[in-house]
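A.B. asks: pasted the sequence and its predicted model underneath.
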Amino acid sequence: MSMSRSERSVARNVSTWFGEHARDLPWRTVAAHAHPRRDPYAVLVSEAMLQQTQVARVIDKYESFMAAFPTVNDLADADEQHVLALWSGLGYYRRAGRLHAAAKMIVQRFDGRVPGDVADLLKLPGVGRYTAGAIASIAFGRAEPIVDGNVARVLCRLHAQDALPDSPDGRRWLWSQAEALVRAADDPGDLNEGLMELGATVCTRVGPACRQCPLKRACLACAAGRQEELPRPRRRARQRTVHHASIIIERADRILVEQRADDGMWAGMWQAPTIESDRPVSLRRIRHEMPALTSLERITSFRHITTHRRIMFTVYRGSGNVPGRYVTPSQWRRLPLSNAQHRVLSLVGGACTAPSVAAR
DNA sequence: AATTCGGGGCT
DNA sequence: AGCCCAGAATT
């Protein structure tokens, strides 16, 4: 990999800009109390949470997670459901199980220390090329590249790159560019964080602040006025509509809950008994599936949007001697719950004291 | 190479 | 309504 003069210049400009703005940057706010010593375990946890998740949404979750599992040993010894429960609201819940498994592997195979080599890091469940590079560079100072959505946007604009960032060619190109820059940098961690931070705060998807950009003189997209049209948008996943009928059954001050299957959406998480279908779920269907019901009335409906689904929730209140696990409000709030099911359960069980969905 | 996995924020 | 987000694993 050649290291041209322009690469050194870009790396220097990004690192300098990052240093000058460090105090004001959102991520540094996280980093300051998230991993002040750039503790590798802290970086592992925060980077796992940050996968496809914006910094602002991670901060509170990160705090409570680290309070519960301060060290990799604590996490390795933790109860699986406890780990998943502390992930509630963050989405992509398989990350929680993988992080848990990674902690166990670190204890068993890496002597309780997060490895610093990318090759070793890639052996950890849930750790891919990005996360491995982030830990290696940020926590260990290794000159390892990273490419996330921010870096891809910065690099595509800097070079007026028309290739799709998702395509094999685009990906190869991005990683080679990122590698050239990190090798030209004095501090790999600062360079990588600087590239991401630049993308998050200056080189934004819409309305980039090119006039304040430390790379404006080198940026081909800016020179051509093409900053708004690069990078080219990725293919959109198609969404399908599904219907969930959730039935709230109370017994004294408790609600009936069930655990979801260990695959698919919200794997292993808890919910009010729910019937899923491609078509609206009829009352007759509910009665058929839950014959013990003696009454059934619709409470409300709402829609829950995810990347691949539009879920039409209909919530019912039912009564009858339905067997299963009944939990109090304080108990179900400690269960692993999707935001949708948190909303369902909040409709009756101690709704006034439940945290709002937005605050979770 | 395409899909699956959440959920929210911002146009 | 569409797009993206400090991605990874599976098919």
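C.D. replies: Looks like it arrived, so ask away.
A.B. asks: the residue in the stretch 51-200 of chain A that DNA strand B sits nearest to: which element?
C.D. replies: Closest residue of the stretch 51-200 of chain A to DNA strand B, CB to the nearest atom of the strand: A:G91 (2.5 Å). Glycine gets a C-beta too; all of them are placed from N, C-alpha and C. Assigned by DSSP states H and E, A:G91 belongs to neither a helix nor a strand.
A.B. asks: who's in contact with it?
C.D. replies: A:52-53 (CB atoms under 8 Å, 6 or more residues apart in numbering).
A.B. asks: quick one: it and A:Q54, what's the gap?
C.D. replies: Distance of A:G91 to A:Q54, given as CB to CB, to the nearest Å: 11 Å.
A.B. asks: residues of the helix or strand harbouring A:R317 that come out buried?
C.D. replies: Element membership for A:R317, per DSSP H and E: strand A:309-320. Buried residues in strand A:309-320, counted by 16 or more other CB atoms under 10 Å: A:311-319.
A.B. asks: out of those residues, who's nearest DNA strand B?
C.D. replies: Using CB to the nearest atom of the strand, the buried residues of strand A:309-320 come closest to DNA strand B at A:I311, 8.2 Å.
A.B. asks: do I have it right that the closest one meets A:Q239?
C.D. replies: No: using CB atoms under 8 Å, A:I311 is not in contact with A:Q239, being 10.1 Å away.
A.B. asks: which neighbours do these two share?
C.D. replies: Joint contacts of A:I311 and A:Q239 (CB under 8 Å, 6+ apart) are A:I305.
A.B. asks: need the contact list for the closest residue to A:L164 other than its chain neighbours.
C.D. replies: Nearest residue to A:L164 in three dimensions, chain neighbours excluded: A:G170, at 4.9 Å (CB to CB, 6 or more residues apart in numbering). Residues in contact with A:G170 (CB under 8 Å, 6+ apart) are A:161, A:163-164.
A.B. asks: and A:G170, which helix or strand is it part of?
C.D. replies: A:G170 belongs to helix A:168-184, assigned by DSSP H and E.
A.B. asks: where's A:A11 relative to DNA strand C, distance?
C.D. replies: 17 Å (CB to the nearest atom of the strand, to the nearest Å).
A.B. asks: separation between that residue and A:S330?
C.D. replies: For A:A11 relative to A:S330 (CB to CB), the value is 52 Å.
A.B. asks: which of these two has more neighbours?
C.D. replies: A:A11 (24 against 11; other CB atoms under 10 Å).
A.B. asks: residues touching that one, list them.
C.D. replies: Residues in contact with A:A11 (CB under 8 Å, 6+ apart) are A:181-182, A:184-186, A:191.
A.B. asks: which of those residues are buried, as a ChimeraX select command?
C.D. replies: Filtering those down to the buried ones (16+ other CB under 10 Å) takes a single ChimeraX command:
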select /A:181,182,184,185,191
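A.B. asks: from the contacts of A:A11, pick the one nearest A:P125.
C.D. replies: Closest approach to A:P125 among the contacts of A:A11 (CB to CB): A:V182, at 25.1 Å.
A.B. asks: before we move on, which element is A:K216 in?
C.D. replies: Counting by DSSP H and E, A:K216 is found in no helix or strand.
A.B. asks: so it makes contact with A:C222?
C.D. replies: Yes: between A:K216 and A:C222 a contact is recorded at 5.5 Å, counting by CB under 8 Å.
A.B. asks: and for those two, which residues touch both?
C.D. replies: With contacts taken as CB under 8 Å, 6+ apart, A:K216 and A:C222 have A:C210 as neighbours in common.
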